[in-house]
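> what shape does this take:
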Amino acid sequence: MKNPTNTERNVFGLINFYSPKIYWLMCLDSCRINAYENAIRQYEHEPEKAVWLDIGTGAHMPLARLLIKYGVAKHVHAVEANCQTYQFAKHLREQVSEEEKRKISLHGCYSSDIYWCEQDPRPNAIIHEIVGSISSDEGCIKVMHDTIERLHGNISFCIPYQIGTLCIPVSQPRISLISSLCSFLLGKSMRIIKHIGIQGMVNPPKNAFLCDTPQLIEDFILKDYTAKPLEKCRIYTTKFIVTSSAARWSGFYLAPYILTSKDNKNGSVEIDALRCLTSWPVRYVQMYDHENGIHVRQGDEICVKFESDLTNECPTYRLEAWVNNSYLVRSSFAWRGPAIN
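Next up is the predicted model:
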């Protein structure tokens, strides 16, 4: 996908893009589901049960049902904007236990369509899974901001607690047979793009890493960050020290990092999509055409500037990078989320 900055891209296209296969993959993603389940269980001993708002509940309503299963919800308002998915969830709700029917209210709309302060019972906690491969690119920040605003900021709990985007510079990756098979099964490209652009990769090769440790270029404590005015131009800068002996730098891997709870005992509420295989594809951003990568060696600095406009459900991003002091010959790539290829 080359320079996808088309202003006509919107969240409606993303929501309509979701197919039954995607919802099944989410439910089968043990790394993802277990982290949410472990966070939910931490509320079992709260003296008063919360009224939860489940934004983007999905076809199988996994989070809403886990809240009921562990007895941490007085009630759950489950919201789903995809019409087909809403009908599936509505049919499922008719098949569940009487307790789930009584405690789950299903709404076929966007969370911003409802004035939640007038709902009975009124939500005072939020749970959702609207996190993208670049953590903010499915509109999570804007959706959360608008929803909290409609609740006048009266939110006691939020799952997930923290979201971020990991970044690491890489040489052009060579997809293994296993990665190709995973990509094929998940409908992703089995080939690496040859030109500047962005693509999704499943189980990308780690031997392309040029550094030992990835860094966060996005990092949000959701409940706190989204309660403030949103940033039109958020800028984050950092640098990586190359640890490979000699290689040709071509771009970056980007992947979500999530803590579903602040209390991360033994990593039980952590989702690191760069380290673990999840249903989120890792984004490979190619900054140079495949024959024009930059030669780097151990000790070189790769400097990064990441800009984002988070005031829209489909954020706009710009990634700039250069080696050592070569700022004037920096590479730059801009795109508008969500990247769904």
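
> how close does N264 sit to G56?
To G56, N264 is 24 Å away according to Cβ to Cβ, to the nearest Å. Yep, even glycine has a C-beta here, placed from its N, CA and C like the rest.

> okay, now the unreliable bits of the chain?
Within the chain, the segments meeting pLDDT under 70 span 1-20, 176-190, 339-341.

> following element in sequence after the top strand by length along it, please.
Identified as the longest strand of the chain according to DSSP state E is strand 246-259. Going down the chain from strand 246-259, the next helix or strand is strand 270-272, by DSSP states H and E.

> run through the neighbouring helices and strands of the helix or strand following that next one.
Note on strand 270-272: by DSSP H and E, the next helix or strand toward the C-terminus is strand 282-286. In terms of contacts (3 or more Cβ pairs under 8 Å, 6 or more residues apart in numbering; DSSP states H and E), strand 282-286 is packed against strand 197-201, strand 246-259.

> partner strands of strand 282-286, parallel or antiparallel?
Strand 282-286 sits in its sheet next to strand 197-201 (antiparallel), strand 246-259 (antiparallel), going by DSSP bridges.

> now the longest one: buried residues?
If I follow you right, that is strand 246-259. Going by neighbour count (16 or more other Cβ atoms under 10 Å), the buried part of strand 246-259 is 247-259.

> farthest pair in these?
Comparing every pair within these by Cβ to Cβ identifies R248 and L259 as the most remote, at 34.5 Å.

> quick one: which of N264 and G56 has more around it?
Between N264 and G56, counted using other Cβ atoms under 10 Å, G56 has the larger neighbour count: 24 against 16.

> show me the contacts for the nearest residue to the more buried one once chain neighbours are set aside.
Distance criterion Cβ to Cβ, 6 or more residues apart in numbering; nearest residue to G56, sequence neighbours excluded, is I130 at 4.8 Å. Listed by Cβ atoms under 8 Å, 6 or more residues apart in numbering, the contact set of I130 reads 55-56, 138-140, 143.

> please, which helix or strand holds R318?
strand 316-323.

> got the phi/psi numbers for S308?
Main-chain dihedrals, S308, degrees, to the nearest 10: phi -150, psi 150.

> burial check on it, number of neighbours?
Other residues near S308 number 24, with proximity taken as other Cβ under 10 Å.

> and for S245?
Look at S245: counted by other Cβ under 10 Å, it has 7 neighbours.

> what about the nearest residue to it once chain neighbours are set aside, neighbour count?
Of all residues not flanking S245 in the chain, Q298 sits nearest, at 5.5 Å (Cβ to Cβ, 6+ apart). Counted by other Cβ under 10 Å, the residues lying close to Q298 total 12.

> just the one 4 residues further on next, same as before
Summarising burial for I302: neighbours were counted as other Cβ under 10 Å, giving 21.

> enumerate every residue touching T237.
Residues in contact with T237 (Cβ under 8 Å, 6+ apart) are 303-306.

> please redo it, this time with the cut-off set to 7 Å
Contacts for T237 (Cβ atoms under 7 Å, 6 or more residues apart in numbering) come out as 304-305.

> if I look at it, how far off is N325?
15 Å.

> the strand holding R318: partners in the sheet, and parallel or antiparallel?
Here, using DSSP bridges, strand 316-323 pairs with strand 301-309 (antiparallel), strand 331-336 (antiparallel).

> switch the ones you listed over to TSV; also include distance to P62.
TSV is the format used below for the strands paired with strand 316-323 (distance: least, Cβ to Cβ, whole Å):
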stretch	distance to P62
strand 301-309	29
strand 331-336	29
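
> closest one to E80 among those strands?
Here strand 331-336 is closest among the strands paired with strand 316-323 (Cβ to Cβ), at 24.2 Å.

> next, the buried residues of the closest one.
Residues of strand 331-336 classed as buried under the neighbour-count rule (16+ other Cβ under 10 Å) are 331, 333, 335-336.

> repeat for stretch 271-286
Applying 16+ other Cβ under 10 Å to stretch 271-286 flags 271-274, 278-286 as buried.

> H60: which of those is nearest?
Nearest to H60 out of the buried residues of stretch 271-286 is S279 (Cβ to Cβ; 13.4 Å).

> could you pull up phi and psi at the closest one?
phi -80, psi -10.

> list the contacts of the closest residue to L25 other than its chain neighbours.
Using Cβ to Cβ, 6+ apart and skipping residues adjacent in sequence, the residue nearest L25 is S279, 4.3 Å away. Residues near S279 by Cβ under 7 Å, 6+ apart: 25-26, 29, 32.
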